[in-house]
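*Asks:* Take a look and give me a structure for this.
(2 chains, ligands or ions: 2)
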Amino acid sequence: MYEGMFESFDTIYFGGGTPSILSPRELETIITALRNAFAITPDFEMTIETNPCDLTSGYAESLRSLGFNRLSLGIQSFDNALLSFLGRRHTSRVAEDAIINAEKAGFENVGLDFIYGVPSQSIISWKETLSKALSYSPSHISCYQLTIEDATPLGLLREKSLLHTIGDSLEYGFFMATSRTLDDAGYIHYEVSNFAKHPLLRSRHNEKYWNHTPYLGLGPSAHSFLQGRRWWNHRSLHNYMKDILAQKKPVEDDETLTMEQLETEALFLGLRTSRGIELKESCGFYKDDPSNSLSAVLKKLIDAGLITLESGIVAPTIKGLAVGDSLALSLLHTM
Amino acid sequence: MDRIRNFSIIAHIDHGKSTLADRLIQHCGVSDERTFRNQILDTMDIERERGITIKSQAITLPYTAKDGHEYILNLIDTPGHVDFSYEVSRALASCEGVLLLIDAAQGVQAQTVANLYMAMEHNLEIIPVINKIDLPAADVNRVMEQIDSELGLDPYASLRCSAKEGTGIEDILEAIVHRLPSPTGTPDKPLSALIFDAKYDSFRGTIINCRLLDGTVRSGDIIRFMHNGETYKVEEVGHFLLARHPMESLSAGAVGYIIAGVKTVSDVNIGDTITLDRNPRPQPLPGFREIKPVVFASIYPIASDDYEELAVSLEKYKLNDAAFTYQKDSSAALGQGFRCGFLGLLHLDIVQERLEREYDLSIILSVPSVRYRVTLHSGETMMIDNPIHFPNPVAIEVSEEPYIRATMFFPEKYMGAVMKLCREKRGETPVVHYPNPGRVELVFDMPLAEVITDFYDKLKTITQGYGSFDYELADYRESPLALLDILVNGEKVDALSQIVHRIKARERALHACERLKEEIPRQMFKIAIQGAIGSEIVARSTISPFRKDVTAKCYGGDITRKRKLLEKQKKGKKRMKMVGSVSIPQSAFIAVLKSDES
Ligand SMILES: Nc1nc2c(ncn2[C@@H]2O[C@H](COP(=O)(O)OP(=O)(O)OP(=O)(O)O)[C@@H](O)[C@H]2O)c(=O)[nH]1
Ligand SMILES: [Mg+2]
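*Replies:* Ligands and ions are numbered 1, 2, ... in the order given. So this is what the prediction gives:
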């Protein structure tokens, strides 16, 4: 169905939802199908997101033998009270076992995912979770600050004022504590929510989303991107299956980005990474004129300690990453 | 001609003028059920949304009276708000009588009295009509007493109706026919037509509304404007039904319109007399007092590229609003713009909204100001309505500000609170009347500058809605003035500057700083706001920065969502004005002027 559209794939990522509920047999069927349908480079990175409950030592070994070389473990927290508040099935104990099982199975590249900034949580208890994580020396850590969206269970609580968000200054406190703790342990804060033990251990796959690298998403709701066009599959399983059975691409909708839209995306995605953006590159807006409004805004942001500007590259500081959305808006505004 | 009646409906705001007009229109069968809508004469969107009349509207109604004769009733519905009282006075110039409406629950209010005086000045026959008798709170006897003692009219000559429910309408129509005089005038005398309004129509040019005192005019005639001698050939004359209704001719006593190829409304002088070129009348009619704006503010486009568009839009807007004035102006902080004159804050508000809505412009208004008078040591006297032009204080010999005479009506129990409010607003020389037991009429001289802000809102609040207010300009009085500047992150925002009474300078500065703190959204860095008189900082406030706003996850579908949000925010930011690196929203400029509680 996608023949000839993409060259070759060097990363494969099983994620979104809980792919670890699939049995090794089922996973094998999918992997075989992928190998038959697509060109895959020899040094490919293949990741699977797993729920700690699912990662028994047997399952870990099966994953390994299926060719997975990277695991993303949805630990969320080592605090049992918090885990139950978040509605997770697992306990801290199960989470630690899962990490050990992954190690034993020979996974060298393990990423741990956490959620923080939950209303009842203290910075101290969050730091405890972090130091426990560090004790396993994972190659990658993702720390997602809790975002409460409307029309989710937490969102509804908030709407009824039964839940209060922690406010931006406490959020900032959490964010900086996270960054500092992991930085002290030698991790690179390379994206808003992502930390790598080594530059080469950054999530190769995720970076594609931020660089406009082509990618193909399979399964309901999955997004794909190719040559300035983005499309996404049906959310509803019913519609998805209907199209698949009719040998049609299960596409719900798509968009073709204009040059300006591509630039806008490059700008805000770039400002979410420590790498930053190259002014000349993303730019109908680079002017080497100190009097223009861009220069004035840049200067203001530098003075406020939010960005650095070196050889044409605007990179957010850690403080700047925390306000990445506004950074993007203020630069966009002067374009 | 003795079958013609020309009358206006006048009243305090919201007493039901437009609703009564509806009933009269329906009773005379001018509107059928299909096309009818409430307050049918309020045609502008903004009138309908706000439920108020801004412009007078004329309409001709054919009415067959109980005596079997058909009468031509020329009705003019007028606005009640004090900003638009000139509309009333013009309407009255073309009438022989008025229906003076009084809300049965509210009783006589400030504009009831003001409008009554206007009608008396024009020697008009007055029919008091007590409206809203259907309301549970209606108290007809009390209103009758007020008509007697506060208006000095015969209460037994008053009619009662419910415009809403349509009761008492026929009695009103009969009273119009039998109690109002028919117009006098002679159709064969030289033409003399008083222009009382003009409206721009993009197909026909200017539509002139006029009242014929003498003579006759028909299409093909050459007419002459008496103030400048310009002549035009008449293309069409007619009456106003719900739409224009062309007629063969208009004769003495009639109210109607003339279309004569007049390009713009500014070519027409409201109050001017039209006569016939070949048989002119010797002198023009007395005409109207010139209306002068009393509140001034600058308008700037939010995006400086839109300046030309703003210029074109103002020119077009002006076509239909003779009371609005404008001239070029420029601000160091906000760039090129226009200094505009308004009749009051409601007028300003309406102009702003119409410009934004009808011309799709994003604009910013500077802090409104009145017109001050400053005499320098050199002897030179300057009128200053723009803080940008306020002279160096050391050069000033005398500064003066405009005062008004305010008339307020309210129940006696609010006396203390109203007195306090008026004193706070620097009111002087109060005069108190008790026109009826329990009711107060209070007259105060006050600086106009204190009144344009939110005096009326406050009066309404402290009197729980029972207070009403009317004013007329009085004179200029000496007053120590100072220029208050506002600095945002050290940069002066001249459009936020205000001329203030020196004693009140610190208070106003503090107030401005606090309001700006509320209006300016937090940004990534600290914002310092300062109020300064000359080089002295008299007030300050700080807006602390926000420090965290980035979304945690940004993969696949998040990216599209995020981009769309940014695109939307970018548009939103276009509605703010960047001063230095701080975005100041539109609302900030007016907020500075208003007080906290409103
Ligand atoms: N109960 C009741 N309400 C009425 C009556 N007449 C008018 N109203 C209401 O009073 C409000 C104001 O009516 P309008 O006809 O717009 O008043 P107006 O005098 O034309 O107001 P302005 O033009 O703004 O001065 C509306 O909500 C009407 O529905 C009446 O006889 N009885
Ligand atoms: Mg009205």
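
*Asks:* Can you give me the distance of residue B:173 to chain A?
*Replies:* Counting by C-beta to the nearest C-beta, to the nearest Å, the gap from residue B:173 to chain A is 56 Å. Heads up, the C-betas are built off the backbone N, CA and C, glycines and all.

*Asks:* pretty sure that residue is touching residue B:63, no?
*Replies:* Yes - counting by C-beta atoms under 8 Å, residue B:173 does reach residue B:63; the two are 5.6 Å apart.

*Asks:* list the residues that contact both of the two?
*Replies:* B:27-28, B:73 (C-beta atoms under 8 Å, 6 or more residues apart in numbering or on different chains).

*Asks:* quick one: contacts for residue B:387?
*Replies:* Taking C-beta under 8 Å, 6+ apart, we find residue B:387 in contact with B:367, B:369, B:483, B:494, B:497-499.

*Asks:* now with 10 Å?
*Replies:* Contact analysis of residue B:387 by C-beta atoms under 10 Å, 6 or more residues apart in numbering or on different chains lists B:296, B:298, B:366-367, B:369, B:372, B:483-485, B:494-500.

*Asks:* what's the answer for residue B:494, then?
*Replies:* With C-beta under 10 Å, 6+ apart, residue B:494 has these contacts: B:298, B:330-334, B:366, B:386-388, B:485-486, B:579.

*Asks:* if you set the cut-off to 8 Å instead, what comes out?
*Replies:* Residue B:494 touches B:331-334, B:366, B:387-388, B:485, counting by C-beta under 8 Å, 6+ apart.

*Asks:* can you tell me which of the shared contacts of residue B:173 and residue B:63 lies nearest to ligand 1?
*Replies:* Within the shared contacts of residue B:173 and residue B:63, distances to ligand 1 taken as C-beta to the nearest ligand atom reach their minimum at residue B:27, with 14.5 Å.

*Asks:* Quick check on the residue nearest to residue A:149 when sequence neighbours are not counted: phi, psi?
*Replies:* Excluding its sequence neighbours, the residue lying closest to residue A:149 (C-beta to C-beta, 6 or more residues apart in numbering or on different chains) is residue A:155, at 5.3 Å. Main-chain torsions, residue A:155, degrees, to the nearest 10: phi -60, psi -40.

*Asks:* same check, this time on the one 4 residues further on
*Replies:* Backbone torsions of residue A:159, given as degrees, to the nearest 10, read phi -60, psi -40.

*Asks:* correct me, but it touches residue A:150?
*Replies:* Yes - between residue A:159 and residue A:150 a contact is recorded at 7.3 Å, counting by C-beta under 8 Å.

*Asks:* Tell me the predicted confidence for the residue in the stretch 1-150 of chain A that ligand 1 sits nearest to.
*Replies:* Residue nearest to ligand 1 within the stretch 1-150 of chain A (C-beta to the nearest ligand atom): residue A:150, separated by 36.5 Å. With respect to pLDDT, residue A:150 scores 71.

*Asks:* go on, residue B:449?
*Replies:* Here the pLDDT value assigned to residue B:449 is 92.

*Asks:* ditto for residue B:360
*Replies:* Listed pLDDT for residue B:360 reads 85.

*Asks:* Now do the contacts for residue 204.
*Replies:* Since no chain was named, I'll use chain A. Residues in contact with residue A:204 (C-beta under 8 Å, 6+ apart) are A:10-11, A:45.

*Asks:* My question was about chain B, not that one.
*Replies:* So residue B:204 contacts B:235-236, B:259 (C-beta under 8 Å, 6+ apart).

*Asks:* Mind giving me the ChimeraX command for buried ones among those residues?
*Replies:* The ChimeraX command for the buried members of those (criterion: 16 or more other C-beta atoms under 10 Å in any protein chain shown) is given here:
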select /B:259
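
*Asks:* Just send the contacts of residue B:204 back as a markdown table, with distance to ligand 2, pLDDT and secondary structure too.
*Replies:* As requested, those are exported to a markdown table (distance: C-beta to the ion, whole Å; pLDDT from 0 to 100; DSSP: H, G, I helix; E, B strand; the rest coil):
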| residue | distance to ligand 2 | pLDDT | secondary structure |
| --- | --- | --- | --- |
| B:235 | 31 | 95 | coil |
| B:236 | 28 | 95 | strand |
| B:259 | 26 | 95 | strand |
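
*Asks:* for stretch B:364-380, which positions count as buried?
*Replies:* Residues B:364-374, B:376 are the ones in stretch B:364-380 that count as buried (16+ other C-beta under 10 Å).

*Asks:* All set, thanks.
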